[in-house]
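Novice: what follows is a protein structure lacking sequence information:
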């Protein structure tokens, strides 16, 4: 286990790593990536770090997990840094061989320490603390809204990635986890990065913050539905997706008015049931904006989850148990996504936004804009909507498809969410009328005149198209632009 040293020692370690190119940009430039290798990637990283230099030594220790002889380690790392790493538990030395007990991941300009992957093959595997380089960690980081707030909660903090990034736009942050090991890493990482407004508390769900409310709650909880509990960080401890349901149900009591929850989630679809209705039953007292990924069939899902994060098989016998578990519960599919809640009194709404691809760039503003757009649509009846002025989204592009590909027009909104749609020429001509000055009613009248149609007969269909295009961000109310 690691232990936290004096702040001055961790500052010295941070300065040493930075002075030897241990950051995302320079690691990527030198060895191709700034994260541990996925299966099949390690050889390239070994080849790129073959020359013995201090930066390459650090990459081999803390990203590749390579064993290095003690003499080489002490030759290329200052004595005081080696001793500090040994004392903190970042490195171990046995029989003249040095090995990292952690990985150190640079994310933007922060560093995150977590368990080395060889922990997965030990008795401590169940308590493994996930590295900050995982897809889910960065997916939620990129989707998190970054408006300045007074308070934020990172529920299930792991190594602290969401707590530390929230500390930049929240005056105070509480980080909670059921794992004391995870809390230790969060405290260590806050100290390593010179962050002093993050408080760590132990406990499950909202137990550590009883009677407290926050402007923002972020959570990457253990959401994987299955029959076993191999990993604390991953496996839903309750039946199917019940843990996530409880989290969503309890969140409103811990949100300030107009506060937001953003959490990653997987929910199951049961044969004969509507999954949107099932999900809606989770949500009370909040508007809900759901970013919905591609659903996965049970058998495919089990195959995907039957290995640990390093790619090693967990338990071959568990595959059949897992399949039988889904069959017993009549699970038709597993749906991945992000649930964003906004606490608001009155009649609440639920909107599902499909995500056709991955999120690779900051998209927190796109989430905030999506919530505002749906709020606008929900507040307008047809008469009020007709008097609104819209404009095309700033980042909207259109591509004319080739005749052999159907000849339609392909819209893409480059807002981080890969929002796209295929439309025909008449719809394209209609939406091009929106310049921020004409009302929707005027645009319908002008379009009707150009097509020799009666406005009243077109209005219903065109207003429906407008509602969809506003909710997806293609058209923006002038007041929200």
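Specialist: Noted; the coordinates are in hand. Because the structure is a prediction, the values reported are computed rather than measured.

Novice: what about the helices in the stretch 201-350 of the chain?
Specialist: Under the criterion DSSP state H, counting those that start in this stretch, the stretch 201-350 of the chain contains helices at 242-250, 275-280, 298-305, 316-328.

Novice: just name the most buried of the ones you listed.
Specialist: helix 242-250 (a mean of 19; mean count of other CB atoms under 10 Å). C-betas here are computed from N, CA, C, even on glycine.

Novice: possible to save the helices of the stretch 201-350 of the chain as JSON lines with distance to residue 16 and mean pLDDT?
Specialist: Listed next are the helices of the stretch 201-350 of the chain as JSON lines, based on distance: least, CB to CB, whole Å; pLDDT from 0 to 100:
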{"stretch": "helix 242-250", "distance to residue 16": "40", "mean pLDDT": "97"}
{"stretch": "helix 275-280", "distance to residue 16": "48", "mean pLDDT": "96"}
{"stretch": "helix 298-305", "distance to residue 16": "38", "mean pLDDT": "91"}
{"stretch": "helix 316-328", "distance to residue 16": "43", "mean pLDDT": "84"}
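
Novice: and these as a markdown table, adding distance to residue 187?
Specialist: Output for these, formatted as a markdown table (distance: least, CB to CB, whole Å):
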| stretch | distance to residue 187 |
| --- | --- |
| helix 242-250 | 23 |
| helix 275-280 | 35 |
| helix 298-305 | 30 |
| helix 316-328 | 33 |
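
Novice: among the ones you listed, which is nearest residue 287?
Specialist: Among the helices of the stretch 201-350 of the chain, helix 275-280 comes nearest to residue 287, with 11.7 Å by CB to CB.

Novice: and that closest one, what does it pack onto?
Specialist: For helix 275-280, the helices and strands in contact under the criterion 3 or more CB pairs under 8 Å, 6 or more residues apart in numbering; DSSP states H and E are strand 255-270, strand 286-292, strand 331-343, strand 350-354.

Novice: take the ones you listed and lay them out in CSV including mean pLDDT.
Specialist: Converted to CSV, the helices and strands packed on helix 275-280 look like this (pLDDT from 0 to 100):
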stretch, mean pLDDT
strand 255-270, 98
strand 286-292, 98
strand 331-343, 98
strand 350-354, 96
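
Novice: so can I have TSV of these showing distance to residue 481 and mean neighbour count?
Specialist: What follows is the helices and strands packed on helix 275-280, written out as TSV (distance: least, CB to CB, whole Å; neighbours: other CB atoms under 10 Å):
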stretch	distance to residue 481	mean neighbour count
strand 255-270	21	20
strand 286-292	19	22
strand 331-343	20	22
strand 350-354	19	18
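
Novice: out of the ones you listed, nearest to residue 420?
Specialist: For residue 420, the closest of the helices and strands packed on helix 275-280 is strand 350-354, at 10.0 Å, according to CB to CB.

Novice: how about the helix or strand following that closest one: buried residues?
Specialist: Later in the chain than strand 350-354, the nearest helix or strand by DSSP states H and E is helix 364-379. Residues of helix 364-379 classed as buried: 364, 366-377 (neighbour count, 16 or more other CB atoms under 10 Å).

Novice: so for helix 364-379, mean pLDDT?
Specialist: Averaging pLDDT along helix 364-379 gives 97.

Novice: name the helices or strands packed onto it?
Specialist: Partner elements for helix 364-379 (3+ CB pairs under 8 Å, 6+ apart): helix 135-143, strand 286-292, strand 331-343, strand 350-354, helix 455-471, strand 475-477.

Novice: if we can go back for a sec, closest one to residue 299 among the helices and strands packed on helix 275-280?
Specialist: Nearest to residue 299, of these and by CB to CB, is strand 331-343 at 10.5 Å.

Novice: roughly how far does the spatially most central residue of the chain sit from residue 363?
Specialist: Per CA atoms, centre = their mean, the C-alpha nearest to the average position across the chain is that of residue 140, at 1.5 Å. Noted for residue 140: a distance of 11 Å to residue 363, by CB to CB, to the nearest Å.
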